[in-house]
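J.: What would the 3D arrangement of this be:
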Amino acid sequence: MSEKLIIISSEDRDASESNTNSDFIVNLKERYNTQNIARVLVKSIQVPNVFYNVRSGSGAPGSGTQNNTLLIQENGQPDATATIPEGQYTTTTLLTALDTAINAQLVGGTVATTQNALTQKLTFTFTSTTAKIYSNADGSTAADLVGIGTSSAIAASVVADSLPNLSGVNKVFVHSQDVALSHAIDGDSGLISAMDSLSFHNVAFGAMGYMQNPDAELALIDYSSKSINLSRIRIVLRDNLGAKLDIGTSKMIVVLKVFYAMETD
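T.: Sure, this is the predicted structure:
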C-alpha cells in the first residue's frame, strides 16, 4: 500500500472560508493524490502555547473555557459577580486582581486576599463586612482557579479548600470532521471528531508545543471498507471541554501520513 504525507498549515488556509489560524480550512491544490485514502496516521502536531491561565471565553487569542468570574454574596446584599481581567497571571498578580475585582462589588467593606506561606492556600479576609464565595458548581467559573471547591459560609474570613490552579490549558485537541469524524469518545459529549492531542507539559507560555506520534497503532484512523477524499480539510483546535481555542496570528501545523486503498481489477 503506497502512502504520502499531507502537511496542513494554517498559513495555507483559505481566507474566504476560515475563521482563525486555529479554525481553518485548507483546500489542497493536489487533487489526484488526496483521493482513495483508506487510512490516516497523525504524524505530528505543532501548536503554540498562547492560552492564558485566566480566560474570559470571549473567543479572543488565549481564550477557551471561561474561568475568570467569582460569584460572591455580601451579607445583606444580592449575589454579585467579580470579574478578573483575562491574562497570564502569577500568584502575586492574581492576588492583586482578586482584591480589585471583589472590592468593586462590595458595598459595606473591603477584602484583602493573601496566600498562606505553609499551605499555599488563599485566604479572603473581609473588613467591616462578611461575605461568601460560591463554588464552580454554584456559579463561579474561577472557583477552581482560586481553590474554592465548596461554596463557603458567610464569614469575615474565607479560606480556600485547595491550592490555586494557575497551570492554564494543559492539553489541546485537534479536531477535524473531514479526517476523524466520530473517531474519539468524550466522557460527556459522546462521539467527537478529535484526531489527536498535544500536551503542554514543560511547554512554557509563549513557546511552541510539538508532538510526534511514536505509536502508529494508536494514532491510526482507519476508514474500514470505505475510502475517502481529503482534498478539503477543516481543522479546529479545542480544549478538553470542547471550547474553541484561538492562537491569534500564531501558526499551527498538522502532518498526516495517508495510506491509499488497494485498487483491484
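J.: And stretch 182-200, what's buried?
T.: 183-184, 192-196, 198, 200 (16 or more other C-beta atoms under 10 Å). For glycine as for every other residue, the C-beta is placed from the backbone atoms N, C-alpha and C.
J.: Please apply the same query to stretch 219-235.
T.: 219, 221, 227-228, 230-231, 233-235.
J.: Confirm I25 sits in a strand?
T.: Yes. I25: assigned to a strand according to DSSP: H, G, I helix; E, B strand; the rest coil.
J.: was I right about it contacting S10?
T.: No. If you go by C-beta atoms under 8 Å, I25 and S10 don't touch, sitting 10.2 Å apart.
J.: show me where the protein has helices.
T.: 91-103, 143-146, 177-180 (DSSP state H).
J.: Correct me if wrong: L106 contacts T130.
T.: No. Contact criterion C-beta under 8 Å: L106 and T130 do not qualify, at 10.4 Å.
J.: Give the residues shared as contacts by these two.
T.: The contact sets of L106 and T130 overlap at E74 (C-beta atoms under 8 Å, 6 or more residues apart in numbering).
J.: I25 and S10: who's more crowded?
T.: Using other C-beta atoms under 10 Å as the criterion, I25 and S10 rank with S10 on top: 22 against 19.
J.: ok, now which ones touch the more buried one?
T.: 21-22, 24, 235, 247, 251-253.
J.: How confident is the prediction for it, by pLDDT?
T.: Predicted confidence (pLDDT) for S10: 97.
J.: Which parts of the stretch 51-200 of the chain are strands?
T.: Using DSSP state E, counting those that start in this stretch, the strands of the stretch 51-200 of the chain run over 69-74, 79-83, 110-115, 122-127, 131-133, 157-159, 171-175, 184-186, 190-192, 194-199.
J.: Quick check: which of those strands is nearest to M211?
T.: Nearest to M211, of all the strands of the stretch 51-200 of the chain, is strand 194-199, at 4.4 Å by C-beta to C-beta.
J.: No further questions, thank you.
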